[in-house]
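Trainee: Would you be able to build a 3D model of this:
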Amino acid sequence: MNSQGSTPDGRGMAGWFDPGLPPRQQVLGFVYAKWAIGALRAVVEVKVPDALADGPRTVAEISAATGTNADALYRVLRAVAAAGVLQERADGRFALTPVSEGLVSDAEGGIRDMFLFASDPMLWRPYENVAHTLRTGEAAFVRAFGAPFYEYTKAHPDKAAVLDRAMLQNRYPGMDRIFDEFDFGRFGRIADVGGGRGHFLAELLRRHPGTTGVLADQEHTVAEAKEIFDGSGLADRVTVVPTDFFVEVPSGCDAYFIKNTLHNWDNDKAVLILRSIRRAIGDTDARLLIVENLLRGPGEWDIGKLIDVESLAVLGGRERGREEWNRMAEEAGFAPANDPVPGDVALLEYQPV
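Mentor: Sure, this is the predicted structure:
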């Protein structure tokens, strides 16, 4: 969105905004989006996309396959179709569209679990009271659930499972660009700090046969990494190290990679993590590689500015622009070594000073 309030393709303030309404009423488009999301979540929960995976079906057929009430189902399906996610045909049948194919269970490149996570009540309820965050600075999630996000999911295995399944599908297209544009092969040994079960590190090592890796994350997280590396034929090139990255990070690596992790924390805690990495680097010239959203400037459209509200209200973290990243890195003992383009996921390289 530019400073005039329109997106780069000139569609106006947002695709949901109805240009037929007076300008002072067009913000109602966000209410339309709420209705569409609620309808779509229900459709995905009862696995309507799965029922349509083999081709168009009637409401009666979909109802029988999903165990749903036919009348209620039709009314929700036509709403989702009106929003452009399904196709409602003149013969009464409904069909998948390219948009909804990724909502089929186990679809290649699918996002079903990611969508169900993002629309889960534990991520909706904080939005009921973002004003609490504005007044206090405290994450609305804590107000809603009585504990910070990660403490809550640790205490509720069913919610942790929703998160885990979503993270397996959290493959943003911008990451392919980073793989293609950045020369990870120049590093002999790379530590993936906060690297989860190791999917990203496995892909990195697959692309760079001369590189070895260290996976560093919490003990209960890395416990499941062995299957990933064994299945990829990479077990002999990876060392798995249970880590509390606020305290210590494994030493002896040529680069320390940390992806989509620092935005989970406020500046003070993020700097603690960066200082742990700096101590691990010591007197070497190892590099710090941060992959996160890099925000554009004032008045410019940037999806990261919306993601930042999620970071604020749910996690108590934040998305950041280049000046803020540089300020935190300097505080931890690093200086910039590249100049990535803002407005998307970016790789920021830092050198120790």
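Trainee: check contacts around the residue lying closest to T239 once chain neighbours are set aside.
Mentor: The shortest distance from T239 to any non-neighbouring residue, by Cβ to Cβ, 6 or more residues apart in numbering, is to V214 (4.9 Å). For glycine as for every other residue, the C-beta is placed from the backbone atoms N, C-alpha and C. Applying Cβ atoms under 8 Å, 6 or more residues apart in numbering, we find V214 in contact with 189-192, 238-241, 250, 252-253.
Trainee: Run through the neighbouring helices and strands of the helix or strand of the chain with the lowest mean pLDDT.
Mentor: Counting by mean pLDDT, DSSP states H and E, the weakest-scoring helix or strand in the chain turns out to be helix 173-181, with a mean of 83. Secondary-structure packing of helix 173-181 (3 or more Cβ pairs under 8 Å, 6 or more residues apart in numbering; DSSP states H and E): helix 199-207, strand 344-352.
Trainee: Need the residues that contact it.
Mentor: Helix 173-181 has contacts (Cβ under 8 Å, 6+ apart) with 200, 203-204, 207, 291, 344-347.
Trainee: is it possible to export the helices and strands packed on helix 173-181 to CSV including mean neighbour count, mean pLDDT and distance to D180?
Mentor: Below are the helices and strands packed on helix 173-181 laid out as CSV (neighbours: other Cβ atoms under 10 Å; pLDDT from 0 to 100; distance: least, Cβ to Cβ, whole Å):
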stretch, mean neighbour count, mean pLDDT, distance to D180
helix 199-207, 19, 93, 9
strand 344-352, 19, 96, 11
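Trainee: Give me the local confidence score for the residue of the chain most remote from its centre.
Mentor: For the chain, the largest distance from the centre (Cα atoms, centre = their mean) belongs to D91, which lies 38.6 Å off. D91 carries a pLDDT value of 96.
Trainee: Name all residues that make contact with L312.
Mentor: 130, 133, 139, 318.
Trainee: want to try a markdown table for those, with secondary structure and neighbour count as columns?
Mentor: Formatted as a markdown table, those follow (DSSP: H, G, I helix; E, B strand; the rest coil; neighbours: other Cβ atoms under 10 Å):
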| residue | secondary structure | neighbour count |
| --- | --- | --- |
| V130 | helix | 15 |
| T133 | helix | 20 |
| A139 | coil | 23 |
| R318 | coil | 19 |
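Trainee: Switch those over to a markdown table; also include pLDDT and distance to V27.
Mentor: Shown next, in a markdown table, are these (pLDDT from 0 to 100; distance: Cβ to Cβ, whole Å):
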| residue | pLDDT | distance to V27 |
| --- | --- | --- |
| V130 | 97 | 16 |
| T133 | 97 | 21 |
| A139 | 96 | 25 |
| R318 | 96 | 25 |
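Trainee: quick check, nearest of the contacts of helix 173-181 to D106?
Mentor: Comparing those against D106 with Cβ to Cβ places E203 closest, at 19.5 Å.
Trainee: Skip the chain neighbours and tell me the closest residue to the closest one.
Mentor: F179 (7.2 Å).
Trainee: The helix or strand following the least confident helix or strand of the chain pairs with which strands, and in what direction?
Mentor: For helix 173-181, the following helix or strand on the C-terminal side (DSSP states H and E) is strand 189-193. Strand 189-193 has its sheet partners listed here by DSSP bridges as strand 212-217 (parallel), strand 255-259 (parallel).
Trainee: Specify the angle between the longest one and helix 199-207 in degrees.
Mentor: Computed by axes from the mean of the first three to the mean of the last three Cα atoms, to 10 degrees, the angle separating strand 212-217 from helix 199-207 equals 180 degrees.
Trainee: got the CA coordinates for strand 212-217 in PDB?
Mentor: Listed next in PDB are the C-alpha coordinates belonging to strand 212-217 (Å, rounded to 0.1, in the frame of the first residue of the first chain):
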ATOM      1  CA  THR A 212      28.100 -29.500   7.400                       C
ATOM      2  CA  GLY A 213      25.600 -28.300  10.000                       C
ATOM      3  CA  VAL A 214      24.700 -28.000  13.600                       C
ATOM      4  CA  LEU A 215      21.100 -28.000  14.600                       C
ATOM      5  CA  ALA A 216      20.500 -26.100  17.900                       C
ATOM      6  CA  ASP A 217      17.100 -25.900  19.500                       C
END
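Trainee: Start at 640, not 1
Mentor: With the count now opening at 640, the last piece we talked about shows up as strand 851-856.
Trainee: Buried ones in it, by neighbour count?
Mentor: Neighbour counts over strand 851-856 (16 or more other Cβ atoms under 10 Å) mark 851-856 as buried.
Trainee: Among those residues, list the two that are farthest apart in space.
Mentor: T851 and D856 (17.2 Å).
Trainee: so what pLDDT did Q643 get?
Mentor: pLDDT, Q643: 34.
Trainee: What is the host helix or strand of I916 packed up against?
Mentor: Assigned by DSSP H and E, I916 falls within helix 906-920. On a contact count with 3+ Cβ pairs under 8 Å, 6+ apart, helix 906-920 meets strand 828-832, strand 894-898, strand 926-933, helix 961-971.
Trainee: So which of these is the most surrounded?
Mentor: Of all those, strand 828-832 has the most neighbours on average by mean count of other Cβ atoms under 10 Å, namely a mean of 25.
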